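J.: following is a predicted model, sequence given first.
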Amino acid sequence: MSPPFAIVHRVRIDEVDAAGVVFFPRYFGWCHDAMAGLLESLEGGYASLLTRRSIGLPTVHAEADYVAPLRFGDDAGIALTVDAIGVSSCTMAFRISRIADAVRIATVRHVVVLTELPAMRSRPIDDDVRALFERHRATL
């Protein structure tokens with residue numbers, strides 16, 4: 001298996017609900033942050049992809065399985081691997097774990113489509129983006 005791209009996120013007070021656990025949609029934001037971090041290694045980073053190259057990666061499908069809670073102050077490790085690469089789409093898998101005890105918290109799958117932003121239509125994945133995805137591709 002290729003190495004995952006990983007980030008750490010410390011749970012903030014504004015991310016927990018009245019029950020004292022992370023509100024479920026926050027996980028999707030963290031996964032987007034991991035994807036953005038991955039794209040930072042491209043020339044000019046993620047911002048350049050959006051602003052100079054006018055390429056976006058909108059989500060066309062997302063799903064999550066939640067196993068255990070996170071609370072305010074917990075450090076979450078978010079490991080991203082690429083499950084599949086199509087002509088214009090990419091399926092990413094995110095494994096979220098609590099760093100203190102390595103407990104798996106959630107698994108998220110996220111499908112994005114490389115998109116020409118002005119026209120909002122799909123386009124083939126650029127070579128540099130494809131190469132980046134390939135470096136983090138999961139193999140069975």
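T.: Okay, I see it. Residues are numbered from 1 along each chain as shown.
J.: hang on, residue 24 packs against residue 63?
T.: No - if you go by Cβ atoms under 8 Å, residue 24 and residue 63 don't touch, sitting 12.0 Å apart. Yep, even glycine has a C-beta here, placed from its N, CA and C like the rest.
J.: what's across from the nearest residue to residue 66 once chain neighbours are set aside in the sheet?
T.: Closest residue to residue 66 apart from its sequence neighbours, by Cβ to Cβ, 6 or more residues apart in numbering: residue 106 at 4.8 Å. Beta-bridge partners for residue 106, by DSSP bridges, are residue 66, residue 96.
J.: go ahead and confirm residue 106 touches residue 79.
T.: No - using Cβ under 8 Å, residue 106 is not in contact with residue 79; the gap is 11.5 Å.
J.: who touches both of the two?
T.: 94, 96 (Cβ atoms under 8 Å, 6 or more residues apart in numbering).
J.: who's more crowded, those two?
T.: residue 106 (22 against 16; other Cβ atoms under 10 Å).
J.: quick one, what contacts the more buried one?
T.: So residue 106 contacts 27, 64-67, 94, 96 (Cβ under 8 Å, 6+ apart).
J.: with these in mind, which one is nearest to residue 8?
T.: residue 96 (10.8 Å; Cβ to Cβ).
J.: what's the following helix or strand after the one helix or strand residue 35 maps to?
T.: Secondary-structure element containing residue 35, defined by DSSP states H and E: helix 26-39. Using DSSP H and E, the helix or strand that directly follows helix 26-39 along the chain is helix 45-51.
J.: so which bits of that following helix are buried?
T.: 46, 49-50 (16 or more other Cβ atoms under 10 Å).
J.: going along the chain, name the strands of this structure.
T.: With DSSP state E as the criterion, the chain has strands at 5-10, 55-56, 59-66, 75-85, 89-98, 103-113, 115-116, 121-122.
J.: what comes up buried for stretch 26-36?
T.: 26-27, 30-32, 34-36.
J.: what does that stretch contact?
T.: Here stretch 26-36 has contacts from 5-7, 9, 15, 46, 57, 62, 64, 66, 76, 78, 80, 92, 94, 96, 106, 108, 110, 112, using Cβ under 8 Å, 6+ apart.
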